[in-house]
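Asks: After the sequence you'll find the predicted model.
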Amino acid sequence: MQVDPYIFDAKFPERCRLDLCRSRCCRFGVWADLQEKEEILAHRDLFLHLLRPETKDPETWFGAVVPDEDCPTGLSVETMDIAGACAFFHPDHGCVLQKGAAEAGLHEWHLKPRFCILFPLVVSEGTLTVDEDMKTLWCMKKKNRTQPVTHSVRKEIRYLFGREKEREFLNESSFRLAEKPAEKNRPEEGRTATPPPP
């Protein structure tokens, strides 16, 4: 996996604020690795009681399987939009996969697709970058993006990539912040994906 240098300059709120955003990023279907789908189905009993009435049928949760080189298995499947939200969204709980895992004593992200854990980071065409497509979300509005994104999602980076990668990312972001404290605009052209700093 390559790393877009932009992630070291990009900003995000200090943390997610569900009281302000109302889990709007959960109101769309997301791409999950095929193995993640199988894990979700195998542990459905952990969260069935949390699902909205219209999403109780497992047959409605996922779409077709498609090739996807950004997924570990090389295959991905979309969680379906049901009644205006992801099949696993609940207006009172956010993600039922996360709540169900936590209630069962597992890590809260044990069942959650990597796509959701990483946001606003995303792996696209083999490169870890920032998903700038969802501009209407509270967390993606410029006035709310006050912290280096790698600091805001450091726990997520640690969970998915390990402590060493977390330290690398935090160190690089802190170095750039100290060198260039003024806000830096993302270049529109000429960006190249490069490996993370050694």
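Replies: Alright, I've got the coordinates.

Asks: alpha carbons only for contacts and neighbour counts from here, please
Replies: Will do.

Asks: hang on, Asp33 packs against Cys71?
Replies: Yes: contact criterion Cα atoms under 8 Å: Asp33 and Cys71 qualify, at 5.5 Å.

Asks: who has more neighbours, those two?
Replies: More neighbours surround Asp33 than the other of Asp33 and Cys71, with 24 against 21 (other Cα atoms under 10 Å).

Asks: Tell me what the residue lying closest to the more buried one once chain neighbours are set aside is bridged to.
Replies: Closest residue to Asp33 apart from its sequence neighbours, by Cα to Cα, 6 or more residues apart in numbering: Ser76 at 4.4 Å. Counting by DSSP bridges, Ser76 is bridged to Asp33, Val66.

Asks: what's the neighbour count on Ser76?
Replies: Ser76: 24 neighbours (other Cα under 10 Å).

Asks: That one against Phe62, yeah?
Replies: No: applying Cα under 8 Å as the test, Ser76 and Phe62 come out as separate, 10.2 Å apart.

Asks: worst-scoring helix or strand of this structure, pLDDT-wise?
Replies: Lowest mean confidence among the helices and strands of the chain (mean pLDDT, DSSP states H and E): helix 18-21, at a mean of 72.

Asks: Report the distance from that one to the chain centre.
Replies: With Cα atoms, centre = their mean, to the nearest Å as the basis, the distance from the averaged C-alpha position of helix 18-21 to the chain average is 16 Å.

Asks: buried stuff in the longest helix belonging to the chain?
Replies: Criterion DSSP state H: the longest helix present in the chain is helix 163-179. For helix 163-179, a neighbour-count test (16 or more other Cα atoms under 10 Å) marks 165-166, 169-174, 177 as buried.

Asks: just the helices in the protein please.
Replies: Counting by DSSP H, the helices of the chain are 18-21, 34-42, 96-103, 114-118, 149-152, 154-161, 163-179.

Asks: I'd like the ones you listed as CSV, with distance to Glu54 appended.
Replies: As requested, the helices of the chain are arranged in CSV below (distance: least, Cα to Cα, whole Å):
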stretch, distance to Glu54
helix 18-21, 23
helix 34-42, 17
helix 96-103, 14
helix 114-118, 22
helix 149-152, 34
helix 154-161, 30
helix 163-179, 39
